[in-house]
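# Sequence and predicted structure are below.
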Amino acid sequence: MEPGGAADARGAKGVQIGDGNLQVNVHADRPVARSAYHHQIRAIAPDVLVGRETDLADLVSFSTDPDAGDYLWLRAGPWAGKTALMSWFVLNPPPAVRVVSFFVTARFAAQSDRDAFTDVVIEQLASMLGEPVPAFLTDATRVSHLWGLLDAAAAFCADHGERLVLLVDGLDEDTGADTHSIAALLPASPAASMCVIVAGRHDPPVPSDVPAGHPLRNKAVARTLTTSPYAQDIRREAERELKRLLRGTPVEQDLLGLVTAAGGGLSGRDLEELTGCQAWQIEESLHAVGGRTFSRRPASESPTEVYVLGHEELQLAAVRFLGDTRLSEYRQRLHTWADGYQRWPEGTPGYLLRGYFQMLQASGDLDRMTACALDSARHNWMLDVSGGDTIALTQIAAAQDVLLDRDPADVRTTATLAVRRDSLIERNRHIPVELPALWAVLGNPGRARGLARSIADPVERVKGLAGLSVALAEEGNQVSAADVAREAEAAAGGSTPLHRVAEVRAAVAKAVARSGNLTEGVAIARAFPDSPEQSEVVSSVAEAGALAGDVLGAAQVARGMSESFWRFRAQRAIATTAAMTGDIRSAVMVACELADPREQAEVLRDVARAAALAGDISGALVVAGAIAATEYRVGALAAIAEAAATAGDLSHAVRCASAAVAVARAIFDRQGRDRALVSAARATAWAGNPHDAGELARTITDSHSRTRALTEVAEVMVRNGEPDQAATLAREAEAVARSIRSLDQQAWMLALVVRTSVLTGDHDYVRQLADHAWTLTVTVADNPEWQATIRAELVAAEGNGSSHTLSLLKAVADAGERDDVAIEAVNVLIKHGVFERAELLARTVADPAARARTITLVARAMARAGQLDRARGMAVDAETTARTHTAPQRAQALAKAACAVAQAGDLARAGDLVRSAESVAVAIMDPLSRARATASAAEAFARSGSDRTMELVHEAERLADIFGEDTDRERILQSTARAAVQAGDTAHALNAVAAISNRLNRAPVESDVIAVLARSGSRKRVRDLVRTIADPYSQLTAAAAVAEAAAEAGHHHNALVLARDAVAMVHACDVASWRATTLSTVAKAVARTGNLGHAMGLVRDAATAARTVTDQRDRVRSLARVGQVAALAEDSDYAMSLVAEADTDLGTVTDSMAVSWELQELAKAVVLTGDLSRAEAMIRDLHPRLRGQLWAYAAQHVDPDDARPLIARALRLADWQDSIDALAVVDPAVLAESAEAYLGEL
C-alpha cells in the first residue's frame, strides 16, 4: 500500500503538520500546535505500509466513533508489525482527530519508563494547549499534571469538534512495570471526547499498580492483530545481520557497541570521532548490513541524520550479547568523547544535547548527570541550539529526582541544582515580548518560537506568541502564523490574572484574525464584557482581518460595531489597507459607508494617499476628485504630489500641487485654509518650486501652521541641495515660533525648527535653539507626560547630527524620566527612519528590561528596512541584556540569605554574603532597583552586626526620596526601619515608620521595630510605644507582636504582661478577623512561656472570634492560624478539629487553586500536629511552589534527621529562596554554600 492510499486515515481535506509532538491532520481552518517528537515517530514509521488496509480502517473507525468505546488494546507477538501500524496511524490520523502518542522503546535512550512517558506526553499536551512544560515536576506532581493536562486537552478538542486519542505502543516493554507502570497512568475514565489506544504483546500480565476496574483489566477491549508476513521477513534478515556484526570486523563491532550503549542518536560524524575511522569506512560498514539492523532518523536539533538499531528486539539482543563489561567500556568511550567538548564550542555534536544525558539517566550515573545539570556553559550552548531553556530545566529536574530517591538526602547537591534552575528561570523573566517576532522577521522562526515559549510571565508569554503569529503572517507564512495563534489562544485560557485578561484577549484576537481566521478573532474580541474595551479590540481585529486579505469580511465586522469612534477607526484602517493592496474599489466602498461627511472625506484622503504610495497615481486622483470637503481634498492632492515626485513623475506632481494651492486658497474658513495651505506648500516644494512654496507658507496666519509649513519647505530645500536658503527659512520659522505665547507650544514648535536646522548643518545655532527650547519645557513640569513628549521631540530632532540634546537629557536627575524621554525619542526616530541615532539612544536607557525592549523595537524597524545583519546583532544584544537583568532579585536574595546565616550564628559568613549583596546592589543602574537592593543589604548588615548599617540606610532612603513613588518609597522604608532598629537607632526607625502612610504597609514594620525593643527586655518603653499608636489595626498588630517577641527572647514575665495588654485591646475591637489574629498571636506567646492551659483558653477565644468572620476565605484562614497555635500549644486534637471545621467550610469551593493559600495554611496546622501524610494529601493539587513552601515550613518544625528529606523536596518543588529559613535551621553551612553558588551565577 502506498502512503496516502488509505484515504480515510489521511484525510484529503487536511494538511499534515510535520514537525511537532502532535502529528495531526489539520484542516485549513484548524491549525494545531507542533513540536519535535514526530522525528522519532518518523524514524519508526515505514515508508510504505503493506497489507494493513483493514487494520487501519478499524483504527480510524474506533477513533472517530464516540460509541466505539474508550479503550482499544491491540495484541500481537514480536515482529508482528504493531509499531509500523501504530506509527503510520499517528502520522496520518483521520480528520478531526488529534493524536498524542508515546512509543515505548529502548532503542532511544530513556524512552521506556513512566518518567519518559510523562515527560513526552506532558510536552505534547502542553504544546497543544500553548503552555510551557512545568519547571518543577516530581514523581508525584508529574502524574497530577499529566491527568490535568489530559482533561484540559480533551476539553480543548471538544470545544473544536474534535477527539483526542492517547496512543501508547509497546506497553509490555515498560521497564518500570514491576513498580510504577505506564499502564497505571492511563486514565480509567477518559473524558467523553477522548479515547485510548494501546498496543503490546499477547497476554501480558497487567501491572499490579493498575487499579481494579480499570479498562485494561477488561478483556473485551483487547483485539488480536494478525502478524504481517512482511514484518517477519524483515525480522529474519535483521537477526542474521546482527549475528554477523557480533562476529564482524572490529569496526563493525564498535559501531554496534557504540550505538547500543548510546541508546541511539549518534551521527556518522560522531561515529567517526568515536572509532577513529574515516567516513567511507563508517558508511561502508553500515551499508553492508542494509537498513534492517541500523536505521536512520533525523536529529532533533539539526538537519543531520543519526543511527539507531532497527527494532526493539535488536536493541535487547545487542545488550544481551554484548554484556555489561563491554557495554561499560563503550559507555566510557562515550564519556571520554563527551569530555572533549566540555567548553561546548560551536559544532558540538547534537547527541550531547539530549541523548547523552538520557544515557546517563538510564545507566544511573548520577555524578555525571549532576555535572551536566550544573554546567552553565553547557546550558548556554543548549540555549543557542534550541532557542530556550526547557531542555536544561528538564535535565536539572531529572537529576533532582534521582537525588530525592537517595537516602540520606543530599541537600547540598539538591540546593546547588535549585540555584542553577532558578538562574535559568530568572534569565527568561525580562525577555521583550516583541523579540520573538523580530527573530521571525530575521528568518529564524524556530528560535522565535522557542524564545516565546520560554518567557517566564504567562501573560507576557501569550503576548509574545501572539506577536510572533502576526510577524509570521506579515512574512507570508500563514500556516505557521495560524499555528502559533492557536497556541497563543490555548495559552490564554490558563490562569490569567483578572486585571490582565483584557490585554491577553486583545493580543490573541488580533493574532488569530491576522493569521486568517477573522471570524474566530472577532468571537474572542467580543468576549469582553465591557463595551468600550470590546469596541477597541474589535476595531483592531477588523484591521488585522483586512491585512490578512479579508477586506470584505473586515468591513462587515466594522459595519456591525455600535461605538461610532471605534467603528470609524476600523473603517479607516480597512479602507487604507485595501488601497495599499490595489483594491481601490473596496477601499472607496468602505469609505462611502461612513455617514458623516467629514469622516468620509478623511478616509477618502487616506485612501488616495495609500493608492499613490502604492503607485496608482491615476486611481488616487480619481479618489481625490471625489472628496467633497476641500481641506481633505487638498491633503489628498498634496500626498499624491509628494508620491509622484518621489517616483520621478514631475508632471503629475506639478499638476497636483497647483490644484492643491488653488483649492486651499478658496477655503473660506481661516483655520481650515491655514491647515490646507501647509499641505499645499509642502506639495509645491516637492513639485520642484520650493521658493514659491516659501512664499505660500508666509501667507499662513496661524503661527503653529506657518512654523510647520516653513520647516517642511526648508527640509525639501535641503534635499534639493539648497542648504543656505533652507537655513534662512528655518530662522524665519524660529521667529514665528517664538511669537507663540504658550511656552510649551513654543517649545514644541521649536523642536521642528531644530530638526530642520540640523539638516542645514548649522550646529552652533542648533545648540542655542535646543537649549532655549529645553529650558521652556520646565514650564510644564506639572505635566510630566507632555514634558517628556516635547523633550523627546527635541532629542529626536538632532537626528544623526550633534549630541547636544543627549547631554541635556543626561542632566535630568530622575532615571525614570530620562528613560521615558529616550524611549519616546527612539520611537520618533524610528518613524523618520533615523536608525543609527535610534540605536544609540536605545542603548542609553538605564533600566535593562526597558533597554532590551527598546533595542528590539529599533532592530525590528531596521529588519523591515532590509538592514538584516545589523538587526540580527541587535537582536542578540537585546536578548543578552534581558537575560542578564537579574541583579535586583539576586541582591535581595543574597541579603535574605545573609540574614538567615547571621541568625544561625555564622556572622563572619553572613558578613561576606551581605558585602556581596551590597556589591551587586551598587552596580545596579536603575536607581529605584538599587534603592530596594540597598535597603535589603542594610537589613542584612544589621543582622550581621556591621557598623555600616546606617550608611546603607541613608543611601537607600536618599534614592527612594529622589526616585521612588509613594508605594516604592514605603516598601524601602519598611526595610530601612527594620535595619535601623537592629542597628540600635530606634529614633530613626520610628521616624521611617511614621513616614509610611499606608496602614497595611506600616503595621507590620511598626510591630517589628517595637518588637526589637521587646526582645532586648524593655517593657515600659514598649508599652508606651504601643499605646501611642493611633490606628487600631496597627496597635493590635504591635501589641500581639511585642508579646510574642518577648516570649521568644525568654522574657516570660514581660511577655505575660504584654499579652494582658493585647487581650484588653481585643475586647475593645469589633472587627472579628483582627480579634482572631491578635488572640492567636498572643496565645502563641503565652504558650512559649509554658502556660499551656492559659494559651489554650486564648486559642478557644480566638476560634470563637474566627467563626464570626463573614468572608469565607478570611474565616478559613483565621481558623487555620488558630489551629496552628493550638498545635504549638500541644493540643493536636483541638487543632485537627479546627482544621476539619475549616476544611468543611471550604468544601463549597470546587477549584482548589482558588483557595490555595487557605489550603496551605490548613496544611501548616496539620504539619504542626506531626501528620505529614495528611498535610501532603491536602495540598497535592496545589501549585508545586506552594507545596514546596509547605515542606520548607515543615522542615523547621520536625527533628533535624527528618528535616533533610523535606528540604530536598522543597528545593525540588519551589524556589531556592523559599528554603532559606529552613536551611538556616537545619544546615546553615549548606545555606551559605548555596548562597555563594547563587552569587557565582552572576
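Ah, there it is. Residues are numbered from 1 along each chain as shown.
# which residues of the stretch 551-700 of the chain fall in helices?
Per DSSP state H, counting those that start in this stretch, the stretch 551-700 of the chain carries helices over the ranges 551-559, 564-580, 584-592, 597-613, 617-625, 630-646, 650-665, 670-686, 690-698.
# okay, those in TSV with mean neighbour count next?
(Glycine included, C-beta is placed from N, CA and C.) Listed next are the helices of the stretch 551-700 of the chain as TSV, based on neighbours: other CB atoms under 10 Å:
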stretch	mean neighbour count
helix 551-559	22
helix 564-580	23
helix 584-592	21
helix 597-613	23
helix 617-625	20
helix 630-646	26
helix 650-665	21
helix 670-686	25
helix 690-698	21
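# Of those, which is nearest Ser1007?
helix 564-580 (50.6 Å; CB to CB).
# helices and strands around that closest one, which ones?
Judged by 3 or more CB pairs under 8 Å, 6 or more residues apart in numbering; DSSP states H and E, helix 564-580 is in contact with helix 531-547, helix 551-559, helix 584-592, helix 597-613.
# Dump these to a markdown table, plus distance to Leu1138 and mean pLDDT.
Shown next, in a markdown table, are those (distance: least, CB to CB, whole Å; pLDDT from 0 to 100):
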| stretch | distance to Leu1138 | mean pLDDT |
| --- | --- | --- |
| helix 531-547 | 44 | 86 |
| helix 551-559 | 56 | 93 |
| helix 584-592 | 67 | 94 |
| helix 597-613 | 66 | 95 |
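# what would those helices look like in TSV with distance to Val1082?
Below are these laid out as TSV (distance: least, CB to CB, whole Å):
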stretch	distance to Val1082
helix 531-547	48
helix 551-559	63
helix 584-592	72
helix 597-613	69
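# and this structure, what are its domains?
Domain segmentation of the chain under automatic domain parsing yields 7-227, 231-405.
# ok so, going back, output the helices of the stretch 551-700 of the chain as a markdown table; include the columns distance to Glu957.
Converted to a markdown table, the helices of the stretch 551-700 of the chain look like this (distance: least, CB to CB, whole Å):
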| stretch | distance to Glu957 |
| --- | --- |
| helix 551-559 | 54 |
| helix 564-580 | 47 |
| helix 584-592 | 59 |
| helix 597-613 | 54 |
| helix 617-625 | 63 |
| helix 630-646 | 55 |
| helix 650-665 | 60 |
| helix 670-686 | 52 |
| helix 690-698 | 55 |
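# Next up, the contacts around the residue nearest to Gln745 when sequence neighbours are not counted.
Once flanking residues are discounted, Gln745 sits nearest to His704: 7.0 Å by CB to CB, 6 or more residues apart in numbering. Contacts for His704 (CB atoms under 8 Å, 6 or more residues apart in numbering) come out as 740, 745, 749.
# and the closest residue to Arg818 other than its chain neighbours, helix, strand or coil?
For Arg818, ignoring the flanking residues on the chain, the nearest one in space by CB to CB, 6+ apart is Val812 at 4.9 Å. Assigned with DSSP: H, G, I helix; E, B strand; the rest coil, Val812 falls in the coil class.
# what sits against the residue of the chain positioned farthest from its centre?
Taking CA atoms, centre = their mean, the residue of the chain most remote from its mean C-alpha position is Ala666, at 57.7 Å. Ala666 makes contact with Thr630, according to CB under 8 Å, 6+ apart.
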